[in-house]
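Engineer: Here is a sequence together with a model predicted from it:
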Amino acid sequence: MIRTLLTLAGFILAWWGLVVLFDVPSYLVPSPWVLAEKFWFLTTQAALFSHVPVTLMEIVVGFVIGTFVGVASAVLFTRFPMVEVVLNPLIIFIQTAPKIAIAPLLLLWLGLGATPKIVLVAIVSFFPVLSNMLSALRSIDPNYGALAKILKMNALQRLWRIELPQAMPLLFAGMKVGVTLAVTAAVIGELMGARAGLGYLLSLGQETADVSLVLVAVLLLSLIGYLLYVALGAVEKRLLGWHESRSGALSNVEG
Amino acid sequence: MSFDGKVLFCEHRPNNETKLGKVEKLKQAGTHPQVLVRADAVTKIYRSRMGESVEALAPTTLDIHEGEFLSLIGPSGCGKSTFLRILAGLETLSGGKLEWRDGAPTKGSDVGFVFQEPVLLPWLSILDNVRFPLDVFRTPKNEGNERARAMLALVGLGAFEKALPKELSGGMRQRAAIARALVYRPRIVLMDEPFGALDLLTRDRMNDELLRIKNETGSTIVFVTHSIEEAAYLSDRVAVMSARPGRISALHDLDLGPERSEAIKDDPRFYQWLSTLRKELR
Amino acid sequence: MSFDGKVLFCEHRPNNETKLGKVEKLKQAGTHPQVLVRADAVTKIYRSRMGESVEALAPTTLDIHEGEFLSLIGPSGCGKSTFLRILAGLETLSGGKLEWRDGAPTKGSDVGFVFQEPVLLPWLSILDNVRFPLDVFRTPKNEGNERARAMLALVGLGAFEKALPKELSGGMRQRAAIARALVYRPRIVLMDEPFGALDLLTRDRMNDELLRIKNETGSTIVFVTHSIEEAAYLSDRVAVMSARPGRISALHDLDLGPERSEAIKDDPRFYQWLSTLRKELR
Amino acid sequence: QEKVTIQIDGAAVPYYLPMFVADHYGYFEEAGLEVEFLYANAADILNNIAAGNVQFGFPNGDAVISARANGLPVKVIHSTYQRGIGAVLFKNASGIETPADLEGKKVAVTSYGSPNYIQLQVMMAQAGKSVDDVNVEIVGTGAILDALKADQVDAIVFSMLRYYALQAEGVDVGMIASDDYLPSKGNVLVTSEAYLGSNPEQVKGFITALDKALRHIVDGDVATEVAMAIKEYSPTFAGQEELVTEIIEEVFVKTLWQSEDTTANGFGYGNLESWQTTIDTALEYEAIPEKFDAADLVVEKPSEL
Amino acid sequence: MSETTLRRLFAVATPLLLIGAWWAYVTIFNVPRFVLPPPDAVFSELVRLFTSGTIWPHLAHTVGVIVAGFAIGSAAGFALGFALGKWPRIERIVGPYLFFFQTAPKIALAPLFILWFGLGLTSKIVLTVSLVFFPVMVGTILGLRSVPANLHSLCAILKLSQREKLVRVELPAAVPEIFAGLKVAAVQATIGAILAEWLSGGTGLGYLMVFAGTTYKTPLLFAMVLVTSLLGIAVYQALALTEKWLLSWR
Ligand SMILES: Nc1ncnc2c1ncn2[C@@H]1O[C@H](COP(=O)(O)OP(=O)(O)OP(=O)(O)O)[C@@H](O)[C@H]1O
Ligand SMILES: Nc1ncnc2c1ncn2[C@@H]1O[C@H](COP(=O)(O)OP(=O)(O)OP(=O)(O)O)[C@@H](O)[C@H]1O
Ligand SMILES: Cc1ncc(C[n+]2csc(CCO)c2C)c(N)n1
Ligand SMILES: [Mg+2]
Ligand SMILES: [Mg+2]
């Protein structure tokens, strides 16, 4: 904790130093002080923190949906490989199709509210979860399948008691990638049409050439993403104490 | 032989009181032993990655009797595990068929399997691993814990219930896997070299415990081992397998009576069987 | 004892010609056996996930002599694997120290290790798995193939060189792992129940092969087994361990002579040792 | 009360004062409308209007021409800004003063299909040169301002509003207004043909409210309204009230919202001739695929709808 | 019908079905062209682009950015993943910055890239790389850390050098995790290339999309979306095939 604060302080000092040393104009990179002022100004005058929950909600709800659908699809794909054959091109199409291009379509189908943003977040966080979960399910030692068969476990029990725990490390890796993409997706969603949210603030900053506003929005967005990431890491640590990736097997130090 | 009469799965459990071999006893009583499952010309051909095929099991016919203790012995790679896995329904057949008297077991709690390697769930403590089948069968948690703890004490792991599998020695893991297979008292238990990683003392203790459990529950046990002593000590019948292609080369009905204890090791018949089996394995 | 004189690692290999135990013979010759490595009050405490600690190895002192065959026997969970892994440098010490006569082995080809479970690389064929150490040591491919094939033939897997590990039976995998540990003729071989998954016949053959290889190369072998017969048949010395905390409770210098063959099983001293060891294990 | 949505180009900047005034003083309510403001880029706005996702839009006039030429059934119902707001922006240090000075300079436009590019072509042609004499760089809307700020380019052709934004940021910028070379329209009120047909009352109501707001601002005190708008609709501009007031008084009130045409015909008058010139020039420079009649696009007298 | 025939059948049938559904949706709901053009309009646009040859420089440019960005990004992600995976201390020190940077929306950072790397190809590749490296890095870290403990023991016994251990044991063992990352990275590479071209430059499929978007040439827009997706699918399939081959031992 203390070290985190120290490195943070060091980072800010270095930033300040560079800005002062090279006399970087504030319209290119504002100094930490200018930024702090902006932050204070936005908080007191422009209800900055009314924008945070808007975006946070889009990210969290979309991410949860995306993760859930990702896991479910992976399970479906491993149970019925044909489903993957049929759906995979469509999935990659949806992933790579520039969201900006299909924005009006999304609005047409989903309206103007939070839904299209949530759907966008869900779409992008879905894919890393799917990809990693598939990989995980396919890596499971067949012996565990045999155990499940002996005990005549039904599909749900197998999923819940054997496959999910086993897939947990890769699933979390997928979720970590997913959560970082979710932030960007929420921003893109808000660019399609919004009146609040950090993505909206960001575009407002760009519209008005206000670098500090842009940076405050970006930093808050990153912070949201980072905190979600850290939260995932904490949950992972709790759940994955048993796994090799958590036991320092690499460094060969004793437990 | 026809499978007449609708007898409930494992309903009929012989009560072993005499010193006669089970099959013998049943013969005396004028009844045939109840066939629980018949492997009828069962074969298994594995197709390897290179497209070559390995005949792991040549057409093999074998009846497994209700309530018996049947051992499989044979050289490494002769198809013992394959046969066991086929009985458990883990392997598809390349030929022949498996006839269950009352249809293949439908409940998970009907069959217990001890794999050749202990297949423990690495994220569960030893207690949770042993309780795992009970959880799957929705046994109340309290009762499950009690039974799992009792089983752990039996295999000498009472002090390790909180440990993770990776924190155990090889033999301890194997014992945990045995506990898991027995904790729900399955009607038929298939064991693939369960005691291979155990020292003599532990092994002897486990042998006796296994017999005790079997007598209590009347389970049918099919048992793979490399130890001839173990096979002779435990079994009603011993099937000797030979390799490439795997098949049953001899099948013996041991006349050592249903009750086994250390005393049996002084029985001259026991030594006779040892030497017979040893010879057949060469 | 001081380690005086700079003798090259494993340079001095006793030539066993008499029927005397090695230690005995060296004593007669007026020399002490060369200590290859000394475990000096070595202890190992595992700290488990829950913060509890398990004393796997109480302070243990043991000299391992150059060129000897030393067996470790003891109940499951007593610390045999732990001790072996400590010798191999796979485990950090919680106390004490390991003194190598000429410094700890620096080359990969100095030490061979057979793990309790066969540790094969699942993506390599059996031949590639066995050749793996040779590839690592940059042996020319041709020579490597030749040596790996010879080793595979020795363990009876000649026909399976193209198979993947998962296509083998448990015992076959174990044999492949043994072949891999021996293919580069390491100076010291540490074997953790290498023959546990093998049938009697294969086991006997492997025992003899192991002795042959040892005599050819003069390697030092530390061997964990659950079979007292095996220990007595193979070893110059047998260390008996007892459990919780693991320690060496007895250390025997078997006076069965350096040359071992089936004949030894008729030697009354062999039976004496068996019963001694059996008693000590109780 | 009818719920309608208007999508406005860009973000909530106080220059959209008429909208805010109409909302704040209940002019929309009077017209039976409950108006929701949303923000997006011009192309999305026009697509959404055409698709029926939103009822009204307030995009740039040039974008509407392009949309209409490509078959989007959109209609300009109020030519709110009488002049174009495109402009060449540059740092004064670059020495640029007239279009002729752009020769040999790096000039960024957002795309070869954008109105900015036509404006640049027209400017160069009128200076007796050609667009080939400048180094045109394509930089997207998201980065074009930063490209200028960081001296990646010498000039950009973009919205003149950025001129004020840059000045507020402390950048020493200059501007050449495109409208002096090629007349066009800035933000205009747009709806779809379908909505105009089915909901003429709402459309009329909106226009009435907007006109009322414009009148309110023009006749009243800009400073008061700007303070109100910033406080309620555009809080990030807090502290810049004076600057904004000055810009609105000098630029918007004098040159954008009012013209000779509006004095004669009321706010939002659609001068078809001037619109047609813009359309024809776009065609001439191949920015639109085919010619069409300005009257099909623009309502000449909004108040008479 | 065998599974492979079914697979082949569906490889053709799925796209056809999708196109059918697209066409039906457009006709039945009378969706206007500027929202979603009918398939035939998009295809004739595609045919026009390819026969006239105008697409080639754009396609080549985008493919170049995708390939370069994917290659450099994967390599960087792998190298970083290796460093962070091997030395948890490094992860503790630089990890937070990396994760923080990664969650920053790239659209917002893009101007910064232009500031640092100019208007040319470099900033586009850097932008793509910044999207590509992360999933590969996360996969690599996990892959390396999940190598079974007993394989580490084997390497310790044979005293494998760091490099040799990586090549002979850790990489093969980590293939599933790394490829899970690479597949996500493939998709990210196409998104990155399009995003980069959307920000600057007058060539590339991304530029054509902006052009099409601002000039309401919806068939062109969707033609580009289609081509981009096909590129993504191609990269993805190539990866899936490679993975299948590498994991044929399973
Ligand atoms: N990684 C670990 N973490 C915690 N405890 C461990 C770990 N490895 C081993 N132990 C404990 O150390 C003790 C000795 O284990 P070891 O594997 O050395 O036994 P062993 O003699 O080889 O037994 P076996 O014959 O069953 O293989 C056991 O009680 C075991 O629970
Ligand atoms: N998945 C597989 N693919 C191909 N061949 C296999 C497979 N599993 C087993 N085999 C082959 O089948 C034969 C029998 O194997 P099985 O495991 O039944 O032997 P086993 O009698 O249990 O031997 P052990 O005592 O060594 O465990 C072996 O020759 C083995 O190579
Ligand atoms: C306050 C404000 N007004 C209008 C626009 C619309 N716009 C975007 S680009 C451009 C120049 C095109 O010629 C214009 C006018 C804006 N973004 N912000
Ligand atoms: Mg087997
Ligand atoms: Mg052990």
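Structural biologist: Done, it's in. Residues are numbered from 1 along each chain as shown, chains lettered A, B, ... in the order given. Ligands and ions are numbered 1, 2, ... in the order given.
Engineer: Show the average pLDDT along stretch E:56-73.
Structural biologist: Per-region confidence: stretch E:56-73 scores 94 on mean pLDDT.
Engineer: burial of A:Ala182, as a residue count?
Structural biologist: Other residues near A:Ala182 number 31, with proximity taken as other Cβ atoms under 10 Å in any protein chain shown. C-beta coordinates here come from the backbone N, C-alpha and C atoms, glycine included.
Engineer: give me the low-pLDDT residue ranges for the chain?
Structural biologist: Just going to use chain A. A:1, A:241, A:244-255 (pLDDT under 70).
Engineer: my question was about chain E
Structural biologist: For chain E, the stretches flagged by pLDDT under 70 are E:1.
Engineer: at 80 what do you get?
Structural biologist: For chain E, the stretches flagged by pLDDT under 80 are E:1-4, E:6-12, E:14, E:92-93, E:107, E:110-112, E:114-115, E:199, E:249-250.
Engineer: Look up the closest residue to the closest residue to ligand 4 within it, ignoring the ones flanking it.
Structural biologist: Residue nearest to ligand 4 within chain E: E:Asn150 (19.8 Å; Cβ to the ion). Leaving aside its sequence neighbours, E:Asn150 sits nearest to C:Val119 (Cβ to Cβ, 6 or more residues apart in numbering or on different chains; 4.4 Å).
Engineer: Ok, E:Ser44 next?
Structural biologist: E:Pro219 is the one closest to E:Ser44 (Cβ to Cβ, 6+ apart), at 7.6 Å.
Engineer: related to what we said a few turns ago, quick one: the residue nearest to E:Asn150 is in a strand?
Structural biologist: No: for C:Val119, which was evaluated using DSSP: H, G, I helix; E, B strand; the rest coil, the result is coil, with no strand membership.
Engineer: and the longest helix seen in chain B, is it in reach of ligand 1?
Structural biologist: Counting residues, the longest helix found in chain B (DSSP state H) is helix B:200-217. No: against ligand 1, helix B:200-217 shows no contacts by Cβ under 6 Å from any ligand atom, the least distance being 8.4 Å.
Engineer: Show me the helices in the chain, by range?
Structural biologist: In the absence of a named chain, this looks at chain A. So, for chain A - with DSSP H - the helices run A:2-21, A:32-45, A:48-79, A:81-96, A:103-110, A:115-139, A:142-150, A:155-157, A:164-191, A:198-207, A:211-239.
Engineer: that answer is for a different chain, and I need it for chain E
Structural biologist: E:3-28, E:39-52, E:55-86, E:88-103, E:106-117, E:121-145, E:149-157, E:162-165, E:171-199, E:205-214, E:218-246.
Engineer: Make TSV from those helices and add distance to ligand 3 and mean neighbour count to it.
Structural biologist: Converted to TSV, the helices of chain E look like this (distance: least, Cβ to the nearest ligand atom, whole Å; neighbours: other Cβ atoms under 10 Å in any protein chain shown):
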stretch	distance to ligand 3	mean neighbour count
helix E:3-28	30	13
helix E:39-52	26	15
helix E:55-86	24	20
helix E:88-103	27	16
helix E:106-117	16	21
helix E:121-145	22	27
helix E:149-157	58	20
helix E:162-165	54	14
helix E:171-199	15	27
helix E:205-214	10	26
helix E:218-246	19	20
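Engineer: do you know which of the helices of chain A lies nearest B:Met172?
Structural biologist: Proximity to B:Met172 (Cβ to Cβ) singles out helix A:142-150 among the helices of chain A, at 18.3 Å.
Engineer: quick one: contacts for E:Pro32?
Structural biologist: By Cβ atoms under 8 Å, 6 or more residues apart in numbering or on different chains, the contact set of E:Pro32 is D:50-51, D:73.
Engineer: Could you check how far the residue of the stretch 1-150 of chain B found nearest chain A is from ligand 5?
Structural biologist: Nearest residue of the stretch 1-150 of chain B to chain A, counting by Cβ to the nearest Cβ: B:Gly108, 3.5 Å away. Computed as Cβ to the ion, to the nearest Å, the B:Gly108 to ligand 5 distance reads 31 Å.
Engineer: Quick one: neighbours of that residue, just the number.
Structural biologist: Using other Cβ under 10 Å, B:Gly108 has 20 neighbouring residues.
Engineer: how much space between it and ligand 4?
Structural biologist: Going from B:Gly108 to ligand 4 by Cβ to the ion gives 23 Å.
Engineer: Which phi and psi values does the closest residue to that residue other than its chain neighbours adopt?
Structural biologist: Leaving aside its sequence neighbours, B:Gly108 sits nearest to A:Lys152 (Cβ to Cβ, 6+ apart; 3.5 Å). Phi and psi for A:Lys152, reported as degrees, to the nearest 10, are phi 50, psi 50.
Engineer: so who does residue 116 touch?
Structural biologist: Defaulting to chain A. For A:Pro116, the contacting residues are A:103, A:106-107, A:109-110, A:189, A:192, by Cβ under 8 Å, 6+ apart.
Engineer: Not quite, go with chain E.
Structural biologist: Counting by Cβ under 8 Å, 6+ apart, E:Trp116 touches E:123, E:126.
Engineer: Repeat that for B:Arg149.
Structural biologist: By Cβ under 8 Å, 6+ apart, B:Arg149 lies in contact with B:127, B:158, B:161.
Engineer: The second one - how many residues pack around it?
Structural biologist: The number of residues packed near B:Gly158 is 14, by other Cβ under 10 Å.
Engineer: that older thread, can you give me every residue that contacts the residue of chain E closest to ligand 4?
Structural biologist: Counting by Cβ under 8 Å, 6+ apart, E:Asn150 has contacts C:115, C:117, C:119.
Engineer: ranking those residues by neighbours, who comes first?
Structural biologist: Busiest of the contacts of E:Asn150 [other Cβ under 10 Å] is C:Phe115, holding 25 neighbours.
Engineer: pLDDT score assigned to that one?
Structural biologist: Looking at C:Phe115, its pLDDT reads 92.
Engineer: Quickly note the distance from it to E:Ile157.
Structural biologist: Distance, C:Phe115 to E:Ile157, using Cβ to Cβ, to the nearest Å: 9 Å.
Engineer: Do I have it right that E:Tyr207 meets E:Ala196?
Structural biologist: No: with contacts counted by Cβ atoms under 8 Å, E:Tyr207 stays clear of E:Ala196, the gap being 9.7 Å.
Engineer: thinking again about what came up before, contact partners for the residue nearest to E:Asn150?
Structural biologist: C:177, E:150-151, E:153-154.
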